[in-house]
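1. The sequence and its predicted three-dimensional model are supplied below.
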Amino acid sequence: MAVEVKELLEAGVHFGHLTRKWDPNMAPYVYMERNGIHIINLYKTAAKMDEAGAALAKIAASGRKILFVATKKQAKDIVAEKAGSIDMPYITERWPGGMLTNFVTIRKAVKKMASIDRMKKDGTFMTLSKKERLQVDRLRAKLEKNLGSISDMTRLPGALFVVDIKREHIAIKEAQKLNIPIFAMVDTNSDPRQVDYVIPANDDASKSIDKILTHVTNAIAEGLAERKAEKEAPKADKKAAPAKKAEKAAASKEEEE
């Protein structure tokens, strides 16, 4: 799925930060300077988007999850919508420290959330006092806010997709420790050396974030479709087997006659 440079331009993906705020390691991705602002080379952005999309599709096709991280205001809703549409986990509230490096503890919190849900279903919840019910509800709401979308994540993700690596530096460090591949939108004020798959782009404008996320999630959706097709192929062969067997038997019977 080729990326159109014109579309990136219209979405303002090319606008970097003020030149005085830049990180020199972003030099290969900077096209020029205009009015004290660095302009990102969109041809490089398009190439990097294709590269990242292909790699993410492979990870999705292998059955592993891709965790999206974006806690900045402009990105929150976009990430929740796009990642949610392909059933991938995401963090849009504060990053829970140890989310990756202390995954066992995070899983315990998720299990706690599930046990509260069970209490509500089997009626145990109603046997508690009013005060206790209020406390449990507050705990459930807090867990939902911080861990809601990762409740189905039973193991560490196959990759991390980050919007704004400066803001999400704790998530980046944890992924690096565990050798989890990092995909990210990287603006001109950030160090691209921290990321495995760099997408040089404006990470402040919602239009730019939306454009990149749309391409990325479409690529992941293709990987998921490929996985589904591979899973269904043996089932289809099994179903077709009796019919083929019957055809063979009928053919050999005709030959005998």
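-> It's in.
2. which residues of the stretch 1-150 of the chain fall in strands?
-> When assigned using DSSP state E, counting those that start in this stretch, the strands of the stretch 1-150 of the chain occupy the ranges 15-18, 30-34, 37-40, 66-69, 90-91.
3. residue contacts, Val195?
-> Taking Cβ atoms under 8 Å, 6 or more residues apart in numbering as the criterion, Val195 is in contact with Val162, Ile165, Ile172, Ile182, Phe183, Ala184, Val186. In this view, the C-beta of every residue, glycine as well, is placed from N, C-alpha and C.
4. Please apply the same query to Lys211.
-> Shown here is Lys211, whose contacts under the criterion Cβ under 8 Å, 6+ apart are Glu7, Leu8, Ala11, Val13.
5. if we can go back for a sec, quickly name whichever of the contacts of Val195 is closest to Lys108.
-> Compare each of those with Lys108 using Cβ to Cβ and the shortest gap goes to Ile172, at 24.2 Å.
6. three-state assignment of the closest one?
-> On the three-state scheme (DSSP: H, G, I helix; E, B strand; the rest coil), Ile172 is labelled helix.
7. Assess the claim that it and Phe161 are in contact.
-> No - the pair formed by Ile172 and Phe161 falls short of the contact definition of Cβ atoms under 8 Å, at 11.6 Å.
8. Need the pLDDT of Lys231.
-> Residue-level confidence at Lys231 comes out at 85, pLDDT.
9. In terms of helices and strands, where is it?
-> Using DSSP states H and E, the secondary-structure element containing Lys231 is helix 206-256.
10. Tell me the most packed of the contacts of Lys211, by neighbour count.
-> Comparing the contacts of Lys211 on neighbour count, Val13 comes out first with 28 neighbours (neighbours: other Cβ atoms under 10 Å).
11. In contact with it: list those residues for me.
-> Applying Cβ under 8 Å, 6+ apart, one finds that Val13 lies in contact with Ile40, Leu42, Thr45, Ala201, Asn202, Ser208, Lys211, Ile212.
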